[in-house]
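In: missing the sequence, but the structure's below:
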């Protein structure tokens, strides 16, 4: 049976279209909706092109890297394969969706977010008498721009060194690159949560053993967590981002050792605290530190670009020092929705 994707001409220019990714260009030329009810239903346009050139990228029967370069047209698919593998690595164990309230796509490097800073009386929902003025909440642009950062890694691999490498194994290396890039974005997010985004909006910080947090400096008890939780009104502390040493202390708390909590942790690898907050561990956070969030209101992620690869180099087999990058930044939304607790010395 003949399909339209067999006749689609692939060329470098498909990566150049403004506002469209390579896959979106393929989908425009070869819409997936045309394959409903066929054996190719469920595959996107890129996956159909892999099938066209009989390139297997995973599994025990995966092909070698050289298979992409069997023809000039199939070589055009290689940058998209690299990009998808890197994105897969970025998505594995990605904590950013759990700590961001919104994601904004932005074409540029400097972004100005919005802010709403109500006075104390504006935070309350008051009864409005007939004919009386309705209380106002002002929303304004932030004074300073939020700067986006390009984060990435160099793929240093002479073509001759990898041409006979199995694609399944090569994908592991690319996923690791994605994990490194995502780690850098997470570090940017943590820095903004703690120190602010340049608009004089750092998080309020507390220390164990200093009012209003009880306990003894250097240790963490359930009572200390309750004291920290109490600082979030009218927000809700529904997420805790913690360092590795803090995670160990929390796992040893009696309150976290009930059978249902342990069963959930063993079955899913995630842990909800008795306070109802999702507990997230990361080595990107300095020791003795935890960040409490109302993830619905604390942080905005601004994406300047998805994964970018130097496709000309990859298509021409000039892999030496080919850059793989991603651009993003973070803006504080409602400052009181994120607070820091340090164990102290």
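Out: Arrived safely, thanks for sending. Here the structure is a predicted model, which is why all the values come from computation and not from measurement.
In: now do the phi/psi pair for the residue minimising distance to the centre of the chain.
Out: Geometric centre of the chain, nearest residue: residue 96, 3.9 Å, by C-alpha atoms, centre = their mean. Backbone dihedrals for residue 96, given as degrees, to the nearest 10, come out at phi -60, psi -40.
In: now do the same contact list for it.
Out: 182, 185-186, 189, 301 (C-beta atoms under 8 Å, 6 or more residues apart in numbering). For every residue, glycine as well, the C-beta is placed using N, CA and C.
In: and what of residue 323?
Out: Residues in contact with residue 323, defined by C-beta under 8 Å, 6+ apart, are 152-155, 308-310.
In: you'd agree it is in a strand?
Out: Yes: according to DSSP: H, G, I helix; E, B strand; the rest coil, residue 323 belongs to a strand.
In: quick check: bridge partners of it?
Out: For residue 323, the beta-bridge partners under DSSP bridges are residue 154.
In: which residues touch the residue nearest to residue 53 when sequence neighbours are not counted?
Out: Closest residue to residue 53 apart from its sequence neighbours, by C-beta to C-beta, 6 or more residues apart in numbering: residue 74 at 4.3 Å. Applying C-beta under 8 Å, 6+ apart to residue 74 gives the contacts 10, 53, 55, 67-68.
In: let's see 10 Å
Out: Residues counted as contacts of residue 74 (C-beta atoms under 10 Å, 6 or more residues apart in numbering) are 10, 49-50, 52-55, 67-68.
In: and it, which of the three is it?
Out: Going by three-state DSSP: residue 74 is helix.
In: so which bits of stretch 313-330 are buried?
Out: For stretch 313-330, the buried set under the neighbour-count rule, 16 or more other C-beta atoms under 10 Å, comprises 313-315, 317, 319, 322, 324-330.
In: how about those in a markdown table, adding pLDDT and secondary structure?
Out: Listed next are those as a markdown table, based on pLDDT from 0 to 100; DSSP: H, G, I helix; E, B strand; the rest coil:
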| residue | pLDDT | secondary structure |
| --- | --- | --- |
| 313 | 91 | helix |
| 314 | 92 | helix |
| 315 | 92 | helix |
| 317 | 89 | coil |
| 319 | 82 | coil |
| 322 | 89 | strand |
| 324 | 94 | strand |
| 325 | 94 | strand |
| 326 | 93 | strand |
| 327 | 91 | strand |
| 328 | 92 | strand |
| 329 | 92 | strand |
| 330 | 93 | strand |
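In: any chance of those residues in a markdown table, plus distance to residue 235?
Out: Listed next are these as a markdown table, based on distance: C-beta to C-beta, whole Å:
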| residue | distance to residue 235 |
| --- | --- |
| 313 | 47 |
| 314 | 46 |
| 315 | 49 |
| 317 | 53 |
| 319 | 48 |
| 322 | 44 |
| 324 | 37 |
| 325 | 35 |
| 326 | 30 |
| 327 | 30 |
| 328 | 24 |
| 329 | 23 |
| 330 | 18 |
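In: which of those residues sit farthest apart?
Out: 317 and 330 (36.8 Å; C-beta to C-beta).
In: quick one on the thing from earlier: out of the buried residues of stretch 313-330, who's nearest residue 82?
Out: Taking C-beta to C-beta as the measure, residue 314 is the one of these closest to residue 82, at 6.2 Å.
In: if I look at the closest one, how far off is residue 178?
Out: In this structure, residue 314 and residue 178 are 16 Å apart, going by C-beta to C-beta, to the nearest Å.
In: repeat that for residue 243.
Out: Look at residue 243 and residue 178: by C-beta to C-beta, they are 23 Å apart.
In: next: residue 184.
Out: In this view, residue 184 and residue 178 are 11 Å apart by C-beta to C-beta.
In: then residue 320?
Out: In this view, residue 320 and residue 178 are 20 Å apart by C-beta to C-beta.
In: does residue 307 touch residue 150 like I think?
Out: No: applying C-beta atoms under 10 Å as the test, residue 307 and residue 150 come out as separate, 11.6 Å apart.
In: so between the two, which is more surrounded?
Out: Neighbour count, other C-beta atoms under 10 Å: between residue 307 and residue 150, residue 307 has more, with 23 against 14.
In: buried sites along the helix or strand where the more buried one lies?
Out: Using DSSP states H and E, residue 307 maps to strand 299-309. Within strand 299-309, the residues that count as buried by 16+ other C-beta under 10 Å are 299-304, 307-309.
In: which one of these is nearest residue 39?
Out: Using C-beta to C-beta, residue 307 is the member of the buried residues of strand 299-309 that sits closest to residue 39, with 29.8 Å.
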